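**Q** quick one, fold the following:
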Amino acid sequence: MNWSNAGGADNNGGTSTADDVAIQQYVRTAGTNNRTIAIDANNDVWVGGFGNKMHQRIDGNTGATDPAFDLSPGGYGGLIDGNGVLWSSGWSTNRTARYDTINGVQLADAVTPNGGDRSYGLGIDSQGNVWNSHLNTRLSKFAPDGTHLGTFAGGGNGGRGVTVTPDDNVWVANSFSSTVSRFDNAGNLIKTIGVGSTPTGISVDSNGKVWVTNQGSNNVMRIDPQGGGDNKGAVELTVDLGAGARPYNYSDMTGSVVGGVTNPSGTWRNVVDSGMLGSLWDKIMWNQEAEGSIPAGTGIVVEARFADTLLDLGGATWASYGQMDDLTGMTGRFAEILVTLTRPGTPGAPTPVLSDLKLTTKTTVVPLPMPAWLLLTGLFGLFGAGRLRSRSS
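**A** Prediction:
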């Protein structure tokens, strides 16, 4: 990336001279030494600094900031749960601050009974329980209302990043022992896995694989949870980041919390080939069968685009369509369908069901080869047999 800093324009912060299209906003924050960062269901960003404990909301579209507020003792690891509550760990204390982002009210801290358990990384399971790592090798579990449910002996030293896989197992990056610990949801240690030097961040991807960033060895590793001779996890890939990279993070670097808990959603895509250039598309219909449903608080958005070639299809504009809409004026051999399903983040919340979807041209019906069903555990999509639906993990 070319970053000229011409005329010292960015000496005091900023990216005005940086040649990088990935930078959408540069925002100065009220917090100092920012560590807490989390995204809410509206795609707004909440950030907090462990230096002065000041936290604030940043508009995800414009970058505009709300007035800052003191959320002591927080400012380190952070997440927003399915109830819209911001959790911000205290680092130097055994407390994690909690803030209701919907009503703008600070809630009671989540407290680990042992004062020596310094609050660090945070993760969340499918039931809304929040898991909190401690630098002194232990791991705590809290109910959604902040009630302490237990503290467990860790499998390594210097717990930082925390993540939860679709099976509700909890994974912790241990910086001081250069290991990753895997626990079941009752807090029992399943396995300790050796990784690179000084692991800090850990997160899970859409395939259920676990990624860990190693600050001391300048690399990233991917763990297969079913790998190793015991099928309990093993490193399967190492990616070198180059000398001096020193990756340092311990929050939701893959978006699994946002997509799986804060604002659960999943997508299904399919390309339909009509077999004829310039096909005249007629109708799009979905959820015409009795099994289809969109319970209150859930959503299904169906989008489509059309083109004569697959190359042109990639640059075509998406349009949204209702359950029986006209496609007059839409032409092209190919049609691409994108379905997005959403549900509330609270455990046990209802889920939408897409039972059927088909397109017609002026001469024929083009049914989509639906995957039997889509189980949407946040970002984790699996295919089986049945209807297209979403459910909580």
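
**Q** who touches the helix or strand encompassing W281?
**A** Assessed by DSSP states H and E, W281 sits inside strand 281-286. Outside strand 281-286, the residues within contact range by Cβ atoms under 8 Å, 6 or more residues apart in numbering are 274, 292, 300, 302, 304, 306, 321, 323-328, 330-332, 335, 354, 356-362. Any C-beta I mention is one placed from the backbone N, CA and C, and that applies to glycine too.

**Q** residue ranges with poor pLDDT in this protein?
**A** 1, 364-393 (pLDDT under 70).

**Q** what about the helices in it?
**A** Using DSSP state H, the helices of the chain run over residues 256-257, 310-313.

**Q** phi and psi next, for the most centrally placed residue in the chain.
**A** By Cα atoms, centre = their mean, the chain has its centre lying nearest to G255, at 2.1 Å. Note on G255: its backbone torsions stand at phi 80, psi 10 [degrees, to the nearest 10].

**Q** repeat for P67
**A** The phi/psi pair for P67 (degrees, to the nearest 10) is phi -60, psi 140.

**Q** residue ranges of the strands in the stretch 251-393 of the chain, please?
**A** Ranges of strands in the stretch 251-393 of the chain, per DSSP state E, counting those that start in this stretch, are 265-273, 281-286, 299-307, 319-321, 324-326, 334-342, 353-354, 357-361, 365-367, 373-377, 380-384, 388-389.

**Q** so can I have CSV of these showing distance to Q24 and mean neighbour count?
**A** Shown next, in CSV, are those (distance: least, Cβ to Cβ, whole Å; neighbours: other Cβ atoms under 10 Å):
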stretch, distance to Q24, mean neighbour count
strand 265-273, 21, 17
strand 281-286, 32, 20
strand 299-307, 22, 19
strand 319-321, 23, 15
strand 324-326, 32, 13
strand 334-342, 21, 21
strand 353-354, 31, 23
strand 357-361, 33, 20
strand 365-367, 37, 13
strand 373-377, 27, 22
strand 380-384, 27, 14
strand 388-389, 32, 23
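
**Q** report the contact partners of Q127.
**A** Here Q127 is in contact with P144, D168, P347 (Cβ under 8 Å, 6+ apart).

**Q** JSON lines for those, including distance to S72?
**A** Converted to JSON lines, the contacts of Q127 look like this (distance: Cβ to Cβ, whole Å):
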{"residue": "P144", "distance to S72": "22"}
{"residue": "D168", "distance to S72": "31"}
{"residue": "P347", "distance to S72": "29"}
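
**Q** out of the residues you listed, which comes closest to S16?
**A** Nearest to S16 among the contacts of Q127 is P144, at 42.1 Å by Cβ to Cβ.

**Q** quick check: closest non-adjacent residue to that closest one.
**A** G128 (4.1 Å; Cβ to Cβ, 6 or more residues apart in numbering).

**Q** what about the one you found, neighbour count?
**A** 20 (other Cβ atoms under 10 Å).

**Q** for the closest residue to D224 other than its chain neighbours, give me its contacts.
**A** Spatial nearest neighbour of D224, excluding adjacent residues (Cβ to Cβ, 6+ apart): E236 at 4.5 Å. Contacts for E236 (Cβ under 8 Å, 6+ apart) come out as K209, R222, I223, D224, G227.

**Q** before we move on, what about I23?
**A** Contacts of I23 (Cβ under 8 Å, 6+ apart): T15.

**Q** distance of it from I337?
**A** 32 Å (Cβ to Cβ, to the nearest Å).

**Q** likewise N34?
**A** Distance from N34 to I337, by Cβ to Cβ: 40 Å.

**Q** was I right to think L357 contacts D325?
**A** No - judged on Cβ atoms under 8 Å, L357 makes no contact with D325 at a distance of 11.7 Å.

**Q** so the residue nearest to P144 versus A290, what's the distance?
**A** 32 Å.

**Q** do the same with S178
**A** 56 Å.

**Q** L359 now?
**A** 21 Å.

**Q** what of K232?
**A** K232 is 44 Å from A290, by Cβ to Cβ.
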